[in-house]
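# Need a 3D model of the sequence below.
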Amino acid sequence: MLDGENHHNDPYDTCGFFRLDKKGSGNPASDWYLEHFNIFLGECGELIADTVGRENVRAIVLGGSFALGEGTISFESGSPIFLSDIDLLVIVDLPEMLFRVLSIKTELSGACEGLIPEARFIGHVEVGAVTAKELSFLPRSPGVYDIRHFGRVLYGNGEVLRDLPDFGAGELDRAEAVILLENRMASLLGYWPGGSPDSDAQLYGFLYQVARVYTDIVTAVLCATGFYLPGYCERWCFLSDNRNNGTISKLVEKSVVDASRKWTVFKMNPSLDILEVTSKSFEVMWLEAAEETLKTWKRCSLYVEGRMAEEHLMPDAASVFRSRNTRMRPVDNLRGWKNLLAGRKLKDKILLTLSRRTGMIRFSPSEVVRMESVMLVEKALREGTGCAVSSRSGGFPYRKGCWTEAAGSCNAAWKKLVFGRSDD
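Numbering: from 1, shown residues only. Alright, predicted model coming up:
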């Protein structure tokens with residue numbers, strides 16, 4: 001029998017979980033958040049609406065962890081450092097306005113961040129856009145579920161959220177668990193430490209990325225097995241209570257569940273006193289996080305495909321991708337490649353177009369980047385981060401060279417495709 005209803009979280013609970021949006025915690029990040037954050041959000045909504053044109057905007061909605069009061073802000077340096085992204089979705093009516101918002105999303109992000117000059121942003125204000133007609137076609141993902149049920153309307157008509165797909169927490173597309181972990185590995189590639197971080201911002205940025213690995217492992221396992229819950233603490237508590245469930249135990253080990261507790265605590269309340277990580281080097285922390293993500297990804301991939309294997313039969317990443325049942329979207333995929341090829345050298349265009357590995361009809365650019373990210377993570381674990389890599393066809397998403405250069409290039413391509421920018 002599965003449970004998970006026996007945990008109740010005040011600002012701090014017995015497991016150390018913390019709620020940013022609760023009063024009385026005594027945490028300076030919470031005090032600052034409660035005083036300033038809602039005002040900031042309102043200003044962001046007004047700024048975006050004025051820039052795009054109020055008559056063109058149906059609504060602006062806050063999603064992601066901040067919509068649930070679980071965003072991560074560090075205050076240990078005496079001023080706010082935003083570690084989590086602030087996810088804003090702009091809903092418009094006309095396709096031409098969608099393209100306009102997407103073309104200036106980086107500028108909108110920077111302008112919003114400039115509204116709080118005392119803050120530093122490691123996570124960014126991320127501005128996404130969609131037309132109202134496209135809402136019903138969004139995937140049955142954790143993010144879409146959360147924004148439909150917990151999204152905060154900053155500007156416009158909140159009734160538009162009813163046009164999002166209506167599905168239960170246990171009815172997510174289980175393949176979204178695999179995509180979530182692929183994105184996490186693509187992000188992790190940009191944080192190979194190669195030594196100690198040089199500043200508090202870099203330190204907390206690195207530790208936050210490691211924490212995201214473990215919180216995403218928890219989310220992915222529950223998404224894959226049909227037990228998704230909104231809320232970081234709720235998910236971890238459920239997984240901990242049900243770690244011996246037959247299906248769950250095949251996807252995640254007890255040691256990973258245990259490790260994910262301290263990283264979930266850090267994700268919600270970033271403090272070195274809580275984490276106590278000084279006994280491990282940053283390289284070791286990265287490699288451990290990469291290994292656990294890769295193992296969970298392989299297990300979830302096989303599980304959602306109905307091909308769960310025993311651990312000793314676990315295939316390499318390339319064979320997992322070769323056997324994947326892809327959902328063909330030739331028109332959408334080719335449109336993505338058309339945008340990517342614009343401005344590239346003719347030789348690279350030819351190589352990319354002819355590459356069987358790229359498979360422009362079968363895969364989108366973002367899918368190729370995710371696949372290459374997974375294989376770079378596996379290569380680092382097998383051969384070390386000092387190894388050499390071969391170039392991908394057309395130099396996308398990386399060229400021949402050392403692993404660290406390839407990891408940086410792949411991460412930059414992922415950021416460009418997902419966020420519209422390639423660096424922080």
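# Would you mark the buried spots in stretch 225-245?
For stretch 225-245, a neighbour-count test (16 or more other C-beta atoms under 10 Å) marks 225, 227-240, 242-243 as buried. Any C-beta I mention is one placed from the backbone N, CA and C, and that applies to glycine too.
# Stretch 161-176 too?
Taking 16+ other C-beta under 10 Å as the basis for neighbour counts, the residues of stretch 161-176 that come out buried are Leu161, Asp163, Leu164, Pro165, Ala169, Leu172, Asp173, Arg174, Ala175, Glu176.
# could you dump stretch 75-93 to CSV, C-alpha only?
Backbone C-alpha positions of stretch 75-93 (Å, rounded to 0.1, in the frame of the first residue of the first chain) are rendered in CSV as follows:
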residue,chain,number,x,y,z
PHE,A,75,21.2,35.2,1.5
GLU,A,76,24.4,34.2,3.2
SER,A,77,26.5,36.9,1.4
GLY,A,78,24.2,39.6,2.8
SER,A,79,22.2,40.2,-0.5
PRO,A,80,19.9,37.9,-2.4
ILE,A,81,21.4,35.5,-4.9
PHE,A,82,18.7,33.8,-7.1
LEU,A,83,19.8,30.3,-7.7
SER,A,84,16.5,29.1,-9.2
ASP,A,85,15.2,30.3,-12.5
ILE,A,86,12.1,32.5,-12.3
ASP,A,87,9.9,31.0,-15.1
LEU,A,88,7.6,33.4,-16.8
LEU,A,89,5.2,32.4,-19.6
VAL,A,90,3.8,35.0,-21.9
ILE,A,91,0.6,33.9,-23.6
VAL,A,92,-0.3,35.8,-26.8
ASP,A,93,-3.0,35.4,-29.4
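# Just list what the host helix or strand of Glu176 packs against, helices and strands only.
If you go by DSSP states H and E, Glu176 is part of helix 175-188. Counting contacts by 3 or more C-beta pairs under 8 Å, 6 or more residues apart in numbering; DSSP states H and E, helix 175-188 packs against helix 200-225, helix 282-304, helix 365-383, helix 403-419.
# out of these, nearest to Asp85?
If you check each of the helices and strands packed on helix 175-188 against Asp85 by C-beta to C-beta, helix 403-419 wins as the nearest, at 8.5 Å.
# tell me the mean pLDDT for the closest one?
For helix 403-419, the mean pLDDT works out to 92.
# Enumerate residues external to it that contact any of its residues.
105, 124, 126, 183, 186-187, 189-190, 192, 194, 340, 365-366, 369-370, 372-373, 376, 379-380, 383-389, 396-399, 421-423 (C-beta atoms under 8 Å, 6 or more residues apart in numbering).
# Buried subset of those residues, written for PyMOL?
This is how PyMOL selects the buried members of those, with burial counted by 16+ other C-beta under 10 Å:
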select buried, resi 105+124+126+183+186+187+189+190+192+340+365+366+369+370+372+373+376+379+380+385+389+396+397+398
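# The helices and strands packed on helix 175-188 into JSON lines, with extra columns for distance to Gly110?
As requested, those are exported to JSON lines (distance: least, C-beta to C-beta, whole Å):
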{"stretch": "helix 200-225", "distance to Gly110": "17"}
{"stretch": "helix 282-304", "distance to Gly110": "29"}
{"stretch": "helix 365-383", "distance to Gly110": "23"}
{"stretch": "helix 403-419", "distance to Gly110": "12"}
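# For this protein, just list every one of the strands.
With DSSP state E as the criterion, the chain has strands at 57-63, 73-74, 81-82, 86-92, 120-121, 125-131, 152-156, 388-389, 401-402.
# Can you flag the weakest of those strands by average pLDDT?
Per-segment mean pLDDT for the strands of the chain reaches its minimum on strand 73-74, at a mean of 88.
# Give the other helices and strands that it contacts.
Helices and strands touching strand 73-74, by 3+ C-beta pairs under 8 Å, 6+ apart, are helix 28-52, strand 81-82.
# The same query, at a cut-off of 10 Å, please.
Under the contact criterion of 3 or more C-beta pairs under 10 Å, 6 or more residues apart in numbering; DSSP states H and E, the helices and strands touching strand 73-74 comprise helix 28-52, strand 81-82, helix 200-225.
# Same list, the ones you listed, but as JSON lines with distance to Arg19 please.
What follows is the helices and strands packed on strand 73-74, written out as JSON lines (distance: least, C-beta to C-beta, whole Å):
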{"stretch": "helix 28-52", "distance to Arg19": "8"}
{"stretch": "strand 81-82", "distance to Arg19": "17"}
{"stretch": "helix 200-225", "distance to Arg19": "15"}
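# Tell me which of those lies nearest to Glu134.
Nearest to Glu134 among those is helix 28-52 (16.6 Å), distances taken as C-beta to C-beta.
# doesn't Val213 make contact with Thr296?
Yes: the pair Thr296 and Val213 qualifies as a contact (C-beta atoms under 10 Å) at a distance of 9.4 Å.
# residues shared between the contacts of the two?
Leu181, Arg184 (C-beta atoms under 10 Å, 6 or more residues apart in numbering).
# Look up the closest residue to Gly64, ignoring the ones flanking it.
By the measure of C-beta to C-beta, 6 or more residues apart in numbering, the closest residue to Gly64 outside its immediate chain neighbours is Asp87, 3.4 Å from it.
# Could you report the neighbour count for Pro117?
Burial of Pro117, expressed as a neighbour count using other C-beta atoms under 10 Å, amounts to 6.
# likewise the one 3 residues further on?
For Arg120, the neighbour count with other C-beta under 10 Å is 17.
# Residues in a beta bridge with it, which ones?
Taking DSSP bridges as the rule, Arg120 bridges to Ile81.
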